[in-house]
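Colleague: build me a model:
(chains A, B, C and D)
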There are 2 protein chains.
Amino acid sequence: MQLDKIVNYHKALADPTRIKILIILAEGERNGQVLAEKLHVTPATITHHATKLREASLINERRDKNTIYFSLNDYFIHNNATAIVELIYRNVRTKGEEDVMEESHKKLQVSVINNFFTAEGKLKQIPAQLKKKLIVLQHLVSQLENGRKYTEKEINNFIKPIHEDFATIRREFIMHQLMYRDNEIYELNPKELWARWETL
Amino acid sequence: MQLDKIVNYHKALADPTRIKILIILAEGERNGQVLAEKLHVTPATITHHATKLREASLINERRDKNTIYFSLNDYFIHNNATAIVELIYRNVRTKGEEDVMEESHKKLQVSVINNFFTAEGKLKQIPAQLKKKLIVLQHLVSQLENGRKYTEKEINNFIKPIHEDFATIRREFIMHQLMYRDNEIYELNPKELWARWETL
DNA sequence: TATATAATTAGATAATCATTAAATTAGAGG
DNA sequence: CCTCTAATTTAATGATTATCTAATTATATA
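Modeller: Modelled structure (predicted):
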């Protein structure tokens, strides 16, 4: 469930030792022993924290011989931080106000779709700006079927003709909670759960 | 300390009941009893959670007669979310250092190092001014190895060729928290604990 | 003053969690 | 096969915390 994931993310960051680990890893990858020394704790403690950070997708691991090097998962660190804001405010809608889309946003929507898609419907580029990126992502998932279950392969095949970097886009679908993944099966989230442009 | 504030913020959001409270408050202000009913907990529990949310500046309160209405503190909700990202990456001083550092401080740094060190790298004199002294001290410890443990003797031998009064400098390392001493063993403090020139 | 309502506090309980020492696993190399 | 090193697991301990009930405080009003 969404809520658990977000609670989990915040639990992962609700401990000073774990935050210090992330700060150290920002300088570059480190193995468990080095982290233990720097933070004046035992390797067992590092293992414990690494498990929590891994579960929240905040770190990656690389094995060399019998040493495991940890590094930051920059992507998730940057994107999860604002997930809570989206969760809190997105449920506000729910009334009949769905059609009451601001004039300015409607215009932005049209221009973003015109500018980022070719006439053939290919995505030229993923917008860097969150608001515009969400417009693009929402435009894409609106072409998927509501309530239907998709395999990862099906999602990939849907995206491929539109943009070459299907892996990123697939991840963004999940990240911004336009889709929900459980056990390799993808499904559209109800529109009410989508981020609201008003709050961005 | 900065770290505690951020840990506190994440602790506040590391509980499903508290997140649900925020989601409900996104619809508008509510009093304790109403929240208790909606969430199937007692009013005492709401008081408990409200205290934590208040400490993290995530909610406001308004009293009317003997009823207290809670509402979201939108400002803090939006701004705290990304604080963690800034904290993690701010301290990276490998590549991005030059860009982050103010122009004026960069100049000061260069001139202090030029003026207080000989061409051979000897320290002519310990600056009296705090800001300049810190530049000198930071320049010195940056030549030490991160995470390595040093004996007092090793520290002395490191300083001696640079300045005759090694005892004073060694003491300054500890005083200004560039190094950490435990049981005659010296170790570099994480850079995030160093005094920041912006605040001097 | 007495009473009603809302909130808080105090104390208790059960769960979660950070940490450690000790034992164990995993990989590499002699 | 033995040994070294790094990491993990296990079991225990102490601290924190979410929740409740019961008692108390705060405010308003009949």
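Colleague: return the distance of stretch A:128-147 from the chain's centre.
Modeller: Distance of stretch A:128-147 from its chain centroid, counting by C-alpha atoms, centre = their mean, to the nearest Å, is 13 Å.
Colleague: got a list of what the residue positioned nearest the centre of chain A touches?
Modeller: Residue closest to the average C-alpha location in chain A (C-alpha atoms, centre = their mean): residue A:175, at 2.4 Å. By C-beta atoms under 8 Å, 6 or more residues apart in numbering or on different chains, the contact set of residue A:175 is A:79, A:83. Yep, even glycine has a C-beta here, placed from its N, CA and C like the rest.
Colleague: what separation is there between it and DNA strand C?
Modeller: 23 Å (C-beta to the nearest atom of the strand, to the nearest Å).
Colleague: check what pLDDT that residue gets.
Modeller: pLDDT for residue A:175: 72.
Colleague: ok, it to residue A:130 distance?
Modeller: 11 Å (C-beta to C-beta, to the nearest Å).
Colleague: kindly report the same for residue A:141.
Modeller: Counting by C-beta to C-beta - residue A:141 and residue A:130 are separated by 16 Å.
Colleague: more neighbours: the two, which one.
Modeller: Set residue A:141 next to residue A:130 and count neighbours by other C-beta atoms under 10 Å in any protein chain shown: residue A:141 wins out with 19 against 15.
Colleague: the more buried one contacts residue A:176, doesn't it?
Modeller: No. At 9.6 Å, residue A:141 does not count as touching residue A:176 under the criterion of C-beta atoms under 8 Å.
Colleague: after the one helix or strand in chain A whose mean pLDDT sits lowest, which helix or strand is next?
Modeller: One helix or strand of chain A scores below all others by mean pLDDT, DSSP states H and E: strand A:179-182, with a mean of 70. As assigned by DSSP states H and E, the chain's next helix or strand after strand A:179-182 is strand A:185-188.
Colleague: residues contacting that next one, please?
Modeller: By C-beta under 8 Å, 6+ apart, strand A:185-188 touches A:141, A:144-152, A:154-155, A:173, A:178-181.
Colleague: helices of chain A, start to end?
Modeller: For chain A, the helices defined by DSSP state H cover A:2-12, A:16-25, A:32-39, A:43-55, A:74-80, A:83-90, A:103-116, A:130-141, A:152-159, A:166-175.
Colleague: quick one, which of these is nearest to residue B:50?
Modeller: helix A:83-90 (15.9 Å; C-beta to C-beta).
Colleague: got the angle for the closest one vs helix B:2-12?
Modeller: Inter-element angle recorded for helix A:83-90 and helix B:2-12: 40 degrees (by axes from the mean of the first three to the mean of the last three C-alpha atoms, to 10 degrees).
Colleague: same for helix A:83-90, what does it pack against?
Modeller: helix A:2-12, helix B:16-25, helix B:74-80 (3 or more C-beta pairs under 8 Å, 6 or more residues apart in numbering or on different chains; DSSP states H and E).
Colleague: tally up the residues packed near residue A:10, please.
Modeller: 22.
Colleague: residues in contact with it?
Modeller: Per C-beta under 8 Å, 6+ apart, neighbours of residue A:10: A:84, B:10-11, B:13-14.
Colleague: switch to 7 Å and redo it
Modeller: The contact partners of residue A:10, by C-beta atoms under 7 Å, 6 or more residues apart in numbering or on different chains, come to B:10, B:13-14.
Colleague: residue A:173 against residue A:139, yeah?
Modeller: No. Checked against C-beta atoms under 7 Å, the pair residue A:173 and residue A:139 is beyond contact range at 12.0 Å.
Colleague: of those two, which one has the most company?
Modeller: residue A:173 (22 against 17).
Colleague: how many residues are close by residue A:3?
Modeller: Residue A:3: 12 neighbours (other C-beta under 10 Å).
Colleague: need the nearest residue in space to it, chain neighbours excluded.
Modeller: Among residues not flanking residue A:3 along the chain, residue B:16 sits closest, at 5.6 Å (C-beta to C-beta, 6 or more residues apart in numbering or on different chains).
Colleague: count of residues packed around the one you found?
Modeller: Residues lying near residue B:16 (other C-beta under 10 Å) number 14.
Colleague: from what I see, it and residue A:2 are in contact.
Modeller: No. Using C-beta under 7 Å as the test, residue B:16 is too far from residue A:2 to be in contact (10.7 Å).
Colleague: name the residues of chain A found near DNA strand C, please.
Modeller: Within chain A, the residues that sit near DNA strand C (C-beta under 7 Å from any atom of the strand) are A:11, A:14-15, A:17, A:40-42, A:44-45, A:48-49, A:52, A:65-66.
Colleague: give me that answer again for 6 Å
Modeller: Taking C-beta under 6 Å from any atom of the strand as the measure of proximity, chain A contacts DNA strand C at A:11, A:15, A:17, A:41-42, A:44-45, A:48-49, A:65-66.
Colleague: which of the residues you listed count as buried?
Modeller: A:11, A:15, A:41, A:49 (16 or more other C-beta atoms under 10 Å in any protein chain shown).
Colleague: who are the contact partners of the residue nearest to the second one when sequence neighbours are not counted?
Modeller: Nearest-residue entry for residue A:15: residue B:7, 6.7 Å, with adjacent residues in sequence omitted and distances by C-beta to C-beta, 6+ apart. By C-beta under 7 Å, 6+ apart, residue B:7 lies in contact with A:14-16, A:19.
Colleague: could you redo the last one with a cut-off of 10 Å?
Modeller: By C-beta atoms under 10 Å, 6 or more residues apart in numbering or on different chains, residue B:7 lies in contact with A:13-19, B:1, B:14, B:84.
Colleague: now do residue A:156
Modeller: A:150, A:166-167, A:169-170.
Colleague: just the buried ones from these, in ChimeraX syntax?
Modeller: Buried subset of the contacts of residue A:156, written as a ChimeraX selection, criterion 16+ other C-beta under 10 Å:
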select /A:150,166,169,170
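Colleague: nearest to residue B:120, of the contacts of residue A:156?
Modeller: For these, the nearest to residue B:120 is residue A:167 (54.3 Å; C-beta to C-beta).
Colleague: so the closest one touches residue A:159, yeah?
Modeller: Yes. Residue A:167 is within contact range of residue A:159, at 8.7 Å (criterion: C-beta atoms under 10 Å).
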